[in-house]
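what shape does this take:
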Amino acid sequence: MAKVKIFYGTVGGNTQIVCRKVMEILEEKGHEVEMKNARFVLEEEHKSADINELLNCDLVIFASPTYGQGQLEPYFEKFLASLKGVNLKGKKYAGIGLGDIRYHREYLLESAHIIESFCNDAGMEAIIPSLKVIKSPLSVLDTAVSAWVEKLNEFLQK
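Numbering: from 1, shown residues only. All right, here's what the predicted structure looks like:
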């Protein structure tokens, strides 16, 4: 089965909830999955090991909420910046973006677009369209999130 690493940023915990659901379903399917909070990846004693893990997995999932006028979670933004210069060409990825309508509507799910743009610029390969979750994810964990993971699993089974 596949080795999957999930790197995420979170403040209020919603992104972590979605990532945990993704991890649980993929593990049920027999995949080896590990979640990494960007805040802790940035600590120097873990940074190089975590980047090596990212390079040595079959799929990397990047996940972040959107704040204000289209900003990523601050630690996740720093984490992505720390990857500049790392050869990610050809690496398979999937993105997860969350948004809340209490922020500017035109930037509602900007985190998904920022992740996609970063990955595309780095030469990474998207395996499915990004998962986009508006407001609290609790009502969509067993529907939209689960359906997205099923599509992800189809790719991983190949």
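
quick one, strands of the protein?
Listed in chain order, the strands of the chain (DSSP state E) span 3-8, 32-37, 59-67, 71-72, 92-99, 125-126, 131-134.

quick one, which of the ones you listed is nearest to Arg20?
Nearest of the strands of the chain to Arg20, taken as C-beta to C-beta: strand 32-37 at 7.0 Å. For glycine as for every other residue, the C-beta is placed from the backbone atoms N, C-alpha and C.

what's that closest one in contact with?
For strand 32-37, the surrounding residues in contact (C-beta atoms under 8 Å, 6 or more residues apart in numbering) are 1-10, 16, 19-20, 22-23, 26-27, 50, 53, 75.

and the strands of the chain as CSV, adding distance to Ser82 and mean pLDDT?
Formatted as CSV, the strands of the chain follow (distance: least, C-beta to C-beta, whole Å; pLDDT from 0 to 100):
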stretch, distance to Ser82, mean pLDDT
strand 3-8, 11, 96
strand 32-37, 12, 94
strand 59-67, 13, 95
strand 71-72, 13, 91
strand 92-99, 16, 96
strand 125-126, 21, 97
strand 131-134, 23, 92
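
point out the most buried one among the ones you listed.
Ranked by mean neighbour count, those are led by strand 59-67 with a mean of 26 (mean count of other C-beta atoms under 10 Å).

what's the angle from it to strand 92-99?
Orientation of strand 59-67 against strand 92-99 (axes from the mean of the first three to the mean of the last three C-alpha atoms, to 10 degrees) gives an angle of 20 degrees.

pull up the pairing partners for strand 59-67, direction included.
The strands that strand 59-67 pairs with in its sheet are strand 3-8 (parallel), strand 71-72 (antiparallel), strand 92-99 (parallel) (by DSSP bridges).
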